[in-house]
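In: whatever this is, show me its structure:
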Amino acid sequence: MRPKVYVAMSGGVDSSVAAHLLQRDGYEVIGVTFKLLGRGVATDGQEASCYTPESTHRPRRACSQLGILHQVWSLEWEFAEYVVADFVQEYTSGYTPNPCVRCNQYIKFGVFLTRALALGADFIATGHHARICRDPDGQYKLLPGRDAAKDQSYALCHLNQTTMPKVLLPVGELRKEQVRRAARDLALPTAETRDSQDICFVRTGSYHEFLESKGVCSEPGPITTLDGREVGRHRGLHRYTVGQRKELGVALGRPYYVVEKRVADNALVIGTLEELQRSEVAVRDVNWCDLPAGGWPSAPPEKALGMLRYRSRPCSCEVADLDGDSRQMILTFEEPVVAAPGQFAVIYSGENGRVVAGGRIA
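Out: Numbering: from 1, shown residues only. Just a heads-up that it's a prediction; the model follows:
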């Protein structure tokens, strides 16, 4: 009996080719497209870009061409609860969230995985550019994709020894041009679809307007330097992120950056690059990839590489838990870094590049 795998198919080229590769390798493949937003939560009342009727039709046509079953699953409530509401709450609290990582954790490798297994699936699969390998001792390792320019292992930092045995990432061994070539050879309707760049539930790309439509409307307030000197007025804290340099509306003779969004008194604090950079970064809600879900190591690795935003350069750091709690980490970097609270810090092994752990910057 062939192993059954449900493939998350967004309408992009990667997931379509993933379905083909699994079918070629003898799996019973079922394509699943998620309905997450219904008639849309976009800022202009239209459907969000990733969930137009066309994005449902493309994977359906791809599945038809491959000769596999296609299903549409309604996950609107789960997406609203775990991704959109979290996005709004984090901005309300002065943080800058990463909804794509959150969606992977709670939707693709949470709800989707749980339901697929309950329906008799042996595995789920996605089109992420990352790899899962199994050591001779049975330990699963999350590794970067072969195409460094498209690597998405950062966004999968929540995977662990509970979830990885049930996850397949077929395109992780391929470069992007190989994926597109395979789709063209198969004449798949997704062959030329462009990679998604924006927050999927904000059709226009203006997350400020989306937040305002959800009631996140912080009032204008003071822009101050670290010594408390007021140098301008901001347009609402939700319009800024830590590390931002452009569109601050101040001219002080040298570049200034957002250092802090101080919600308590509605102040936007700016400083020089040297004042922005840190050597220590606190991380909360840590997941350890080498352990089962909820597992904590007896001691974190002493040396590692830390990546503080998607596709940024990993930097050498020392890792320590906070007061003996491995769900919270302190990363001490060898060189100053910029860390935006709410984004994810992902720890890679310096030996083989595997993902060790990940959590939110506190």
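
In: what about the closest residue to residue 186 other than its chain neighbours, which SS state?
Out: Excluding the flanking residues, the one nearest residue 186 by C-beta to C-beta, 6 or more residues apart in numbering is residue 20, at 6.2 Å. (C-beta placed from N, C-alpha, C; glycine too.) What DSSP: H, G, I helix; E, B strand; the rest coil gives for residue 20 is helix.

In: what sits against residue 20?
Out: Contacts for residue 20 (C-beta atoms under 8 Å, 6 or more residues apart in numbering) come out as 66, 182, 186, 188.

In: check these and tell me the two furthest apart.
Out: Spanning the widest gap among these are 66 and 182, at 11.7 Å by C-beta to C-beta.

In: in contact with the nearest residue to residue 242 once chain neighbours are set aside, which residues?
Out: Nearest-residue entry for residue 242: residue 340, 4.2 Å, with adjacent residues in sequence omitted and distances by C-beta to C-beta, 6+ apart. With contact taken as C-beta under 8 Å, 6+ apart, residue 340 is in contact with 96, 241, 242, 243, 308, 309, 361.

In: state the pLDDT value of residue 340.
Out: pLDDT, residue 340: 95.

In: please report the distance of it from residue 190.
Out: From residue 340 across to residue 190, the span is 33 Å (C-beta to C-beta, to the nearest Å).

In: which residues in the protein form helices?
Out: 13-24, 53-66, 76-79, 85-92, 99-103, 113-118, 176-185, 207-213, 273-276 (DSSP state H).

In: using CSV, list the CA coordinates for stretch 309-325.
Out: Provided in CSV are the C-alpha atoms of stretch 309-325 (Å, rounded to 0.1, in the frame of the first residue of the first chain):
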residue,chain,number,x,y,z
ARG,A,309,15.5,38.3,10.5
TYR,A,310,14.7,36.4,7.3
ARG,A,311,17.6,36.0,5.0
SER,A,312,19.9,38.2,7.1
ARG,A,313,23.5,37.2,7.7
PRO,A,314,23.9,34.7,10.6
CYS,A,315,26.4,36.0,13.2
SER,A,316,28.5,34.1,15.7
CYS,A,317,27.0,34.1,19.2
GLU,A,318,27.1,32.4,22.5
VAL,A,319,23.8,30.9,23.8
ALA,A,320,22.6,30.8,27.4
ASP,A,321,19.3,30.1,29.0
LEU,A,322,17.7,32.7,31.2
ASP,A,323,17.6,31.8,34.9
GLY,A,324,17.6,28.1,34.1
ASP,A,325,14.6,28.3,31.8
